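Chemist: Sequence and predicted structure are below.
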Amino acid sequence: MKDHYNGSGIELDEISFVIQGALNPEIYPQITKNIRQFFPGAEIILATYAGTNTNGLDHDKIALVEDPGYYPINDQPNARLNNINRQIRTTLAGLNAATRKYAFKIRSDFIVNGRDFLTYFDQFPKADPQYKVFENKILSSVFFARDPRAGKRPMPFHPSDIAFFGLRADLLNLFDIPFMPKEEAAYYKFKETSYNRYVPEQYLWINCLRKNGKVVKCDYCEHCDNQIAEETERYAASNFIYLDYVQFNLTPPEKLLLFSGNRFDDIITHIEWQKLYKQYVDTTHQVPEEDKVRDTIMKKTKTTKLYFFVAQYITFLIPFRKIRRKLRKNLAEYMTRNIRL
């Protein structure tokens, strides 16, 4: 008799885990150990770059690809990297090597610590046919799915790309898109800085939608109005289920838990996603009143802002602007270094 997880009907040996990205040899053994423990019989595929030393590592299959490179997110010094082409190539290679009905795509710096997330797979089955792209909704992470109505510079069509679980065919649909072309690397300007047309999450989702015949009017990263925001929400409600780290049984790297360096205020929590599901898909759905994730974010964001205000006050009398800004930034980061989810 095959192993399955009670409540989901999903047989554990029908799941392929695609661990994609640059290999971290310190974390990888724990990732595979946990998968073997919680998902006996599941298939493990390591999708990483040619030339990587994989000796002695646990996997059922390995997909080695040439590194397609990256683009800086903007033209400023020390800009973050847009790794979308790397993610497309490694993930697609892993999914093409997979042989099981379901697939779990996970970044190589995350650890799966359970299987309770499977119970969510069929929990919100309804979808608007006009906005539905996948056969079954894909489980995705709350962190960092962006709310197109929040923040000073909203980002529409921005699900999280940390991890996805769903039908392998649906994940192939999501990732089987062309590489980001060079001409989109410096697509538009904001305050004299040139930016990529889309950040990685947007590039992935928008190109998947367009490939599936959907008209997406979002022309660049921060192109958003009420209509674009509503379209973003409708597609999210009919194609994804947003889960927080606990619900998704994910242990993230420490850097993604810290309020210093991360934006948590404009994410869409699981409860907020349920509100979208109720608004656009199933008006009879009962949304829980309590949103612990949002409450935690609001409380800790308030504390973080207080520390930044203190840093600003302390450095106010420093006469040189560049030195004042640098000290203020360093002081604020020091004071907020232990604020985490």
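Modeler: All right, it came through fine.
Chemist: Might you report the residue contacts of the most centrally placed residue in the chain?
Modeler: Centroid check for the chain by C-alpha atoms, centre = their mean gives residue 160 as the closest residue, at 2.2 Å. Residue 160 makes contact with 140, 141, 142, 143, 144, 145, 201, 242 under the criterion C-beta atoms under 8 Å, 6 or more residues apart in numbering. Using the backbone N, CA and C atoms, a C-beta is placed for each residue, glycine as well.
Chemist: now residue 168
Modeler: Residue 168 sits in contact with 16, 95, 98, 100, 101, 102, 103, where contact means C-beta under 8 Å, 6+ apart.
Chemist: and the first one, that's in a strand?
Modeler: Yes. Applying DSSP: H, G, I helix; E, B strand; the rest coil, one finds residue 16 inside a strand.
Chemist: Does it have any beta-bridge partners, and if so which?
Modeler: Per DSSP bridges, the residues bridged to residue 16 are residue 43, residue 103.
Chemist: pLDDT wise, what is it at?
Modeler: We have a pLDDT of 98 for residue 16.
Chemist: what does the fourth one give?
Modeler: In the predicted model, residue 100 carries a pLDDT score of 98.
Chemist: just the second one next, same as before
Modeler: The score at residue 95 is 98. That number is its pLDDT.
Chemist: Does it touch residue 174 like I think?
Modeler: No. At 9.2 Å, residue 95 does not count as touching residue 174 under the criterion of C-beta atoms under 8 Å.
Chemist: Which one's more surrounded, the two?
Modeler: A count of neighbours by other C-beta atoms under 10 Å puts residue 174 above the other of residue 95 and residue 174, at 29 against 24.
Chemist: Residue 171: which element?
Modeler: Residue 171 is located in helix 168-175, with elements delineated by DSSP states H and E.
Chemist: Let's test this: mean pLDDT of that helix, rounded?
Modeler: 98.
Chemist: and that helix, how far out from the chain's middle?
Modeler: In terms of C-alpha atoms, centre = their mean, to the nearest Å, the centre of helix 168-175 is found 15 Å from the chain centre.
Chemist: Check which residues of it are buried.
Modeler: Burial within helix 168-175, assessed by neighbour count using 16 or more other C-beta atoms under 10 Å, is assigned to 168, 170, 171, 173, 174, 175.
Chemist: now those residues as a markdown table including distance to residue 194?
Modeler: A markdown table is the format used below for the buried residues of helix 168-175 (distance: C-beta to C-beta, whole Å):
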| residue | distance to residue 194 |
| --- | --- |
| 168 | 38 |
| 170 | 34 |
| 171 | 32 |
| 173 | 32 |
| 174 | 28 |
| 175 | 27 |
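Chemist: picking that back up, which members of the contacts of residue 168 are classed as buried?
Modeler: 16, 95, 98, 100, 102, 103.
Chemist: how close does the closest residue to the second one other than its chain neighbours get to residue 39?
Modeler: Put plainly, it is residue 95. In space, and not counting its chain neighbours, residue 95 is closest to residue 172: 5.2 Å by C-beta to C-beta, 6 or more residues apart in numbering. Here residue 172 is placed at a distance of 20 Å from residue 39 (C-beta to C-beta, to the nearest Å).
Chemist: How many residues are close by the nearest residue to residue 150 once chain neighbours are set aside?
Modeler: In space, and not counting its chain neighbours, residue 150 is closest to residue 266: 3.8 Å by C-beta to C-beta, 6+ apart. Other residues lying near residue 266 total 19 when counted by other C-beta under 10 Å.
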